[in-house]
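**Student:** The following comprises the amino acid sequence and a computationally predicted model.
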Amino acid sequence: MNMEHFQALEEKVNQLINRIMRLKEENNQLSDANRQLESKIQDLMSQHEQLKSEKNQLEEKLNGSINNQDQQIKSRVEELISKVNEVVEE
């Protein structure tokens with residue numbers, strides 16, 4: 001092997017080493033970005049569960065309030081019917 005061939009081989013090896021180093025750095029950056037995104041996904045999932053729980057609580061309160069209002073209206077209607085019946089029966 002003459003010196004020119006060796007120098008050409010050496011150049012290719014150096015290029016390969018540089019490419020490997022760039023790819024390792026890129027891989028590290030992508031791994032960091034992936035970890036950050038996974039963390040953000042976990043935070044969002046936690047927030048989603050919390051909001052879902054709050055929504056359910058609000059729906060229960062609303063349903064309780066509606067049931068309470070329905071019961072009040074029913075009682076008032078029954079009172080009115082009773083009064084009407086008293087007047088009609090006289």
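**Tutor:** Noted; the coordinates are in hand. Numbers count the residues shown, from 1 in each chain.
**Student:** show me where pLDDT drops low in the protein?
**Tutor:** Filtered on pLDDT under 70, the chain yields the residue ranges 1, 90.
**Student:** which residues of it fall in helices?
**Tutor:** Using DSSP state H, the helices of the chain run over 3-89.
**Student:** how many neighbours does residue 6 have?
**Tutor:** Residue neighbour count, defined by other C-beta atoms under 10 Å, stands at 10 for residue 6. In short, each C-beta sits where N, CA and C put it, glycine included.
**Student:** let me fix that: residue 49
**Tutor:** Number of residues near residue 49 (other C-beta under 10 Å) recorded here: 10.
**Student:** just residue 31 next, same as before
**Tutor:** Neighbour count of residue 31, defined by other C-beta under 10 Å: 10.
**Student:** Residue 85 too?
**Tutor:** Neighbour tally, residue 85, other C-beta under 10 Å: 10.
**Student:** How about residue 63?
**Tutor:** Neighbours around residue 63, by other C-beta under 10 Å: 10.
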